[in-house]
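1. how would this look folded up:
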Amino acid sequence: VAGLGNYGLRGTRHSVGMEVLDRLARQLAVAEGWRVDKRCCADVALATAHGLELVLLKPRRFMNLNGLSVANAAEIYSLGPEDIYLVHDDLDKALGKVAIKLGGSARGHNGVQSCISALHSNEMTRLRVGIGRP
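-> Residues are numbered from 1 along each chain as shown. Here you go, the predicted structure:
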């Protein structure tokens, strides 16, 4: 589960994917387990939920390069694009509204496009979190 965003700009609307992962880590009781993984240039926490092993990932790169971290982590943990969930902001959704999308285009989202390019696939599931228009 990759929370897309701008690592150095936490708390901004475009880093909501990382905020969602922080919340998920707290709910799964692994919030103290975040560690820097230099192999994929990301913060990583491992968790288990409903019998599934999860890799939580917050890239330490700017949004338009998040895909490099996601692709490196996929290789390290032997994951295919179909195993990856991207959590990211969506300007076209009202603030706080969420939607799940399977595959398809990036719809102009630079972080998603970076993931599609780095993984050579658009098969990732996406949790789109509405941030609304300014």
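2. Would it be right to say that Asn122 lies in a helix?
-> No - assessed with DSSP: H, G, I helix; E, B strand; the rest coil, Asn122 is coil; it does not lie in a helix.
3. Give me the number of neighbouring residues for it.
-> 17 (other CB atoms under 10 Å). The C-beta positions use only the backbone N, C-alpha and C, and glycine is treated the same way.
4. what does Ser121 give?
-> Residues near Ser121, counting by other CB under 10 Å: 16.
5. try Thr48
-> 11.
6. can I assume it sits in a helix?
-> No - applying three-state DSSP, one finds Thr48 to be strand, outside a helix.
7. List the contacts of the residue nearest to it when sequence neighbours are not counted.
-> Computed as CB to CB, 6 or more residues apart in numbering, the closest residue to Thr48 that is not its neighbour in sequence is Leu54, at 6.8 Å. For Leu54, the contacting residues are 1, 28, 46-48, by CB atoms under 8 Å, 6 or more residues apart in numbering.
8. partner residues bridging Leu54?
-> Note on Leu54: beta-bridge partners by DSSP bridges are Ala47.
9. And for Val36?
-> Asp43.
10. how about the strands in this structure?
-> Ranges of strands in the chain, per DSSP state E, are 2-3, 35-37, 42-49, 52-59, 85-90, 98-102, 125-130.
11. For the residue nearest to Thr48, give its distance to Leu9.
-> Noted for Leu54: a distance of 25 Å to Leu9, by CB to CB, to the nearest Å.
12. same question, Gly67
-> Counting by CB to CB - Gly67 and Leu9 are separated by 18 Å.
13. Between those two, which has more neighbouring residues?
-> Gly67 (24 against 13).
14. pLDDT score assigned to that one?
-> The model reports Gly67 with a pLDDT of 97.
15. Equivalent analysis for Asn122, please.
-> 97.
16. Ok, Val55 next?
-> 97.
17. can you give me phi and psi for the residue nearest to it when sequence neighbours are not counted?
-> Distances taken as CB to CB, 6+ apart put Tyr77 closest to Val55, at 5.3 Å, once the chain neighbours are dropped. Here is the backbone geometry of Tyr77 (degrees, to the nearest 10): phi -100, psi 10.
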